[in-house]
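[1] Output the structure for:
(one chain, ligands or ions: 1)
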Amino acid sequence: MLQTINNLLQEISVLLIKNSEELESYRLKYLSKKGMISALFDDFRNVPGTEKKEVGQKLNELKQEALEKYNSVKSSLLNTEDISSEVDLSRPSFPYSTGSRHPISIVRNQIIDIFSRIGFTVSEGPEIEDDDHVFTKLNFAPEHPARDMQDTFYISRISSEDSNPEDILLRTHTSSVQVRVMQNQKPPIRTISPGRVFRNEAISARAHCIFHQVEGLYIDENVSFADLKQTLLFFAREMFGEETEIRLRPSYFPFTEPSAEMDVSCKICGGGGCNVCKHTGWLEILGCGMVHPNVLESCNIDSNKYTGFAFGMGIERLTMLKYQVNDLRLYFENDMRFLDQFKTAF
Ligand code: PHE
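    Take a look at the predicted model:
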């Protein structure tokens, strides 16, 4: 038996174990319950008493050696084999996706940035509003078509036939925020109100029932239409580039008088005419006008002392023009292939 043990000691010390499979067969052959060393321990019972001491010592030595070899090979395989053979160290690391801002947020931030440089603050207000702030105080006649169920999402109505200042609804424009500002602050007032608005329209490439606006309001003594025009020209050039021209066309809003719609020169074709500007060379981007005296009075501002201008624009439309997006619905679908394209914008 001593001879067998010595042979095994010799065998184990020269044995070369190259990988984890070989290590496992080594374990099974020598160290497992059915392995050779276990078998020797079983045979130990038959060793004559006189030899027991010597053989016992050798046998323990063998077991110790075999175990040590197993452990040291195992730890060196863990360090080298697993990493170098199963992981390709030359492979590039996973690309981390950095994410991007939503195009609507990008353009909203640009608009806020431009107006804050000329002294406009930012005001916010509730999306669930009452008729008084959305319509009545803004000089909408009780039978004005914009109050109609066609356009407005009502939450609760006092009467099913007539509108009532206490009706609760989803705001159809952020002019309601400006009413709240006028009620709570004294002129001079210079503020913009960005926010989400709701209109009961069928969803298509050009219309959505939820969209975003930025409306502006400036009230002080001697504010004139020329101030409005200069402010909007400054905005258009900051937004669309220095070469941009604007034009104002007469329009109608209940809360402004006179009212206008503003176009910017089409920067896609440079004014020559293209599909985007429908071959006119101009793109409509906002509504504006001088605040109607009735609106000032309904918010307790003296219309003999103060005048003001207001304007309002849709962020989706501006974003469409700036980035040539041709379908409004893309803004709401959260398709990564669309959103990823705005990574380089700020
Ligand atoms: N409130 C108008 C709209 O929602 C926009 C506007 C604001 C027009 C201020 C004129 C002055 O369409």
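[2] and the residue of the stretch 101-250 of the chain nearest the ligand?
    In the stretch 101-250 of the chain, the residue that lies nearest the ligand is residue 173 (3.2 Å; Cβ to the nearest ligand atom). Using the backbone N, CA and C atoms, a C-beta is placed for each residue, glycine as well.
[3] Repeat that for the chain.
    residue 312 (2.7 Å).
[4] Tell me the buried residues in the strand or helix carrying that residue?
    Following DSSP states H and E, one finds residue 312 within strand 307-314. Using 16 or more other Cβ atoms under 10 Å as the test for burial, strand 307-314 gives 307, 308, 309, 310, 311, 312, 313, 314.
[5] From the rest of the structure, what touches that strand?
    Identification of contacts with strand 307-314 by Cβ atoms under 8 Å, 6 or more residues apart in numbering yields 111, 173-175, 178, 187, 189, 211-225, 227-228, 231-232, 255-256, 262, 285-291, 296.
[6] what's the spacing between that strand and its chain's center?
    28 Å (Cα atoms, centre = their mean, to the nearest Å).
[7] Also stretch 227-239?
    How far stretch 227-239 lies from its chain's middle: 29 Å, per Cα atoms, centre = their mean.
[8] pretty sure residue 149 contacts residue 199?
    No: Residue 149 is beyond contact range of residue 199, at 11.3 Å (criterion: Cβ atoms under 8 Å).
[9] Looking at those two, which is more packed in?
    A count of neighbours by other Cβ atoms under 10 Å puts residue 199 above the other of residue 149 and residue 199, at 18 against 10.
[10] That one is in contact with residue 151, isn't it?
    Yes: in this structure residue 199 lies within contact range of residue 151 using Cβ under 8 Å: 5.2 Å.
[11] Now the common contact residues for the two.
    Common neighbours of residue 199 and residue 151 (Cβ under 8 Å, 6+ apart) are residue 172.
[12] for the next helix or strand after the strand holding residue 312, packing partners?
    Downstream of strand 307-314, the next assigned helix or strand under DSSP H and E is helix 315-323. Packing contacts for helix 315-323, counted by 3 or more Cβ pairs under 8 Å, 6 or more residues apart in numbering; DSSP states H and E, involve helix 103-116, strand 210-220, helix 225-240, strand 282-291.
[13] so how far is whichever helix or strand comes after helix 315-323 off the chain centroid?
    Counting by DSSP H and E, the next helix or strand C-terminal to helix 315-323 is helix 330-333. Its chain's C-alpha centre and that of helix 330-333 lie 12 Å apart, by Cα atoms, centre = their mean.
[14] Would you mark the buried spots in helix 330-333?
    Going by neighbour count (16+ other Cβ under 10 Å), the buried part of helix 330-333 is 330, 331.
[15] Kindly export it (C-alpha atoms) in PDB.
    Extracted in PDB, the C-alpha atoms of helix 330-333 (Å, rounded to 0.1, in the frame of the first residue of the first chain):
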ATOM      1  CA  LEU A 330     -44.400  61.200 -34.100                       C
ATOM      2  CA  TYR A 331     -44.100  63.500 -31.100                       C
ATOM      3  CA  PHE A 332     -46.400  61.300 -29.000                       C
ATOM      4  CA  GLU A 333     -45.300  57.800 -30.000                       C
END
